[in-house]
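In: Okay, predicted coordinates and the sequence, questions at the end:
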Amino acid sequence: MQKTYYDPADLKKFGDIADFEPKLAEKFFGWYNEVFKEGELTAREKSLIALAVSHAIQCPYCIDAYTSDSLQRGVTESQMMEAVHVAGAIRGGASLVHGVQMMNKVKKQSM
Amino acid sequence: MAQSLHALNHKLASTARQLEVLEDGIFSTDSLPSFREKIGFFGHETLRPGETEILQLNVGYMCNQTCKHCHVDAGPDRKEIMTRETMEHCIAYAKESGVHTVDITGGAPEMNPDFLWLVKRLKEAGVEEIIVRSNLTILVANEKKFGDLPEFFREHGLRVVSSLPFYLPEKTDRQRGEGVFAKSIEALQRLNQVGYGREEHLIIDLVYNPSGAFLPAAQSELEADFKRELKSHYDIDFNSLLTITNLPISRFLEFLIRTDNYEDYMDTLVTSFNLATLDGLMCRNTLSIGWDGQLYDCDFNQMLELNIDHPIKHIKDLMNGSIANRNIVINNHCYGCTAGAGSSCQGSVI
């Protein structure tokens, strides 16, 4: 029996999701490939955004893929870590900003 | 300083063992197609050479560095060196064949005691372009012995091609050895001072090798980064950045296996195979000559001891015959030159 939920080898099988539902998969991969093309943002900038988002959503497949992609695109290690901090700061900030909600409630209920 | 695989008696110092690794495993279990099968899918039974335009001379495996990715397994402990007699044959062939470029590599070619003599003779022979693949640090390694080299390069109009894996010290030193980045910067500044990268016809190109198990980025994008960073931090000018993919042989193969990256890296090379690179591969227009005068389709084949597929095997016999009618010797390491934008000693292929 498989011992873990995640297997690195599964990343290469991503395209296999089309086996169960080809039409939606085709739309998704078409859209996905279009998203990462050079546009107003460079492909390198998009790769860094993807790396940060991968950490925010804690997707091991995405972290694997966009770490390699960033390295290949000549992104430096400190740039990659800064991107991860951006993800961390947004996540942390998202929790903390709800502190205001807590404070509002406290103030409303307290004398 | 680290030792070469040869000095360590490492099993991968054996070219037979390297070829075994390259032909077995994922290529024998049908997980990945062999290079021969891959080009076969596209109707190429073999690869054939075109006209020889570049003669690449490997004048010895001795080097003052032991870079982690080195496909030559070069280092201070390597003693293989091209003799003046072999150089004579190379010079005669360069003159006779009319190749436009002679590309001198190593090891550190400057460590061959006949290096200066060779350059002068090639110049006298009328070779249009002479390239020296300098590791840079040799230029500042011993002032008395090598200090005049930048002026010598200038005087003879050599094109200098030098490795600098990254514009940051840490990454460069991790690949090439402690302190290499600082010395490389010093050497580049000296080359700039004598006019390289600043005067027309004094060309200094840098070579980017990925410092790990990944492919190089687009050459133009990285070149812009290198130019911006090296200029702003060190006031360095250079002409072009050449991106070269690491081929899975010798020390880079050892790294791939030791770090469990081999299968993924080969998979990346195979899935990135680009048919459009075949016409521009360096084996089509370059003849590689080993330190001992033996002939190869490329420097990588030389390091795997894969001689050309022709009865003439040595430069001394080349004056009496033609080797044009032959198939290029291929194996699975060739995927390194056909991945993505392709790779050659002149940078990306397309």
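Out: Cool, the structure landed.

In: Just to be sure, B:R36 is in a helix?
Out: Yes. According to DSSP: H, G, I helix; E, B strand; the rest coil, B:R36 belongs to a helix.

In: Pretty sure it sits against B:I330.
Out: Yes. B:R36 is in contact with B:I330 according to CB atoms under 8 Å; the separation is 6.2 Å. Using the backbone N, CA and C atoms, a C-beta is placed for each residue, glycine as well.

In: Compare the two and say which is more crowded by neighbours.
Out: Comparing B:R36 with B:I330 by other CB atoms under 10 Å in any protein chain shown, the one with more neighbours is B:I330, at 22 against 15.

In: so what's the nearest residue to the more buried one once chain neighbours are set aside up against?
Out: The spatial neighbour of B:I330 that comes closest, neighbours along the chain excluded (CB to CB, 6 or more residues apart in numbering or on different chains), is B:F35 at 5.5 Å. The neighbours of B:F35, taking CB atoms under 8 Å, 6 or more residues apart in numbering or on different chains as the test, are B:330-332, B:334-335, B:338.

In: Among these, which pair sits farthest apart?
Out: In terms of CB to CB, the contacts of B:F35 reach their longest pairwise distance at B:N331 and B:T338, which sit 12.5 Å apart.

In: between the two, which one's more packed in?
Out: Neighbours around B:N331 and B:T338, counted as other CB under 10 Å, are more numerous at B:T338. The numbers are 24 against 19.

In: which residues touch the more buried one?
Out: The contact partners of B:T338, taken as CB under 8 Å, 6+ apart, are B:35, B:269, B:273-275, B:277-278, B:281.

In: repeat that with 7 Å
Out: For B:T338, the contacting residues are B:273-274, B:277-278, by CB atoms under 7 Å, 6 or more residues apart in numbering or on different chains.

In: Setting the sequence-adjacent residues aside, check what's closest to it.
Out: B:T277 (4.7 Å).

In: I'd guess that neighbour is in a helix, am I close?
Out: Yes. Counting by three-state DSSP, one finds B:T277 located in a helix.

In: Tell me how many other residues crowd it.
Out: Neighbour count for B:T277, taken as other CB under 10 Å: 20.

In: ok, it to B:G340 distance?
Out: Spatial separation of B:T277 from B:G340 under the definition CB to CB, to the nearest Å is 8 Å.

In: Residues of chain B that sit close to chain A?
Out: Listed as neighbours of chain A in chain B under the rule CB under 7 Å from any CB of the partner chain: B:168, B:212, B:214-215, B:217, B:221-222, B:225.

In: please redo it, this time with the cut-off set to 8 Å
Out: If contact is defined as CB under 8 Å from any CB of the partner chain, the residues of chain B in contact with chain A are B:168, B:170-171, B:210, B:212, B:214-217, B:221-222, B:225, B:267.

In: residues contacting B:R251?
Out: Contacts were defined as CB under 8 Å, 6+ apart; by that measure B:R251 touches B:4-5, B:67-71, B:73.

In: Take the residues you listed and lay them out in a markdown table including pLDDT and distance to B:G60.
Out: Written out in a markdown table, the entries for the contacts of B:R251 read as follows (pLDDT from 0 to 100; distance: CB to CB, whole Å):
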| residue | pLDDT | distance to B:G60 |
| --- | --- | --- |
| B:S4 | 96 | 13 |
| B:L5 | 97 | 17 |
| B:C67 | 93 | 16 |
| B:K68 | 92 | 20 |
| B:H69 | 92 | 19 |
| B:C70 | 95 | 14 |
| B:H71 | 95 | 15 |
| B:D73 | 96 | 13 |
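
In: need the contact list for B:Q302.
Out: The neighbourhood of B:Q302, defined by CB under 8 Å, 6+ apart, consists of B:58, B:288, B:290, B:294, B:296.
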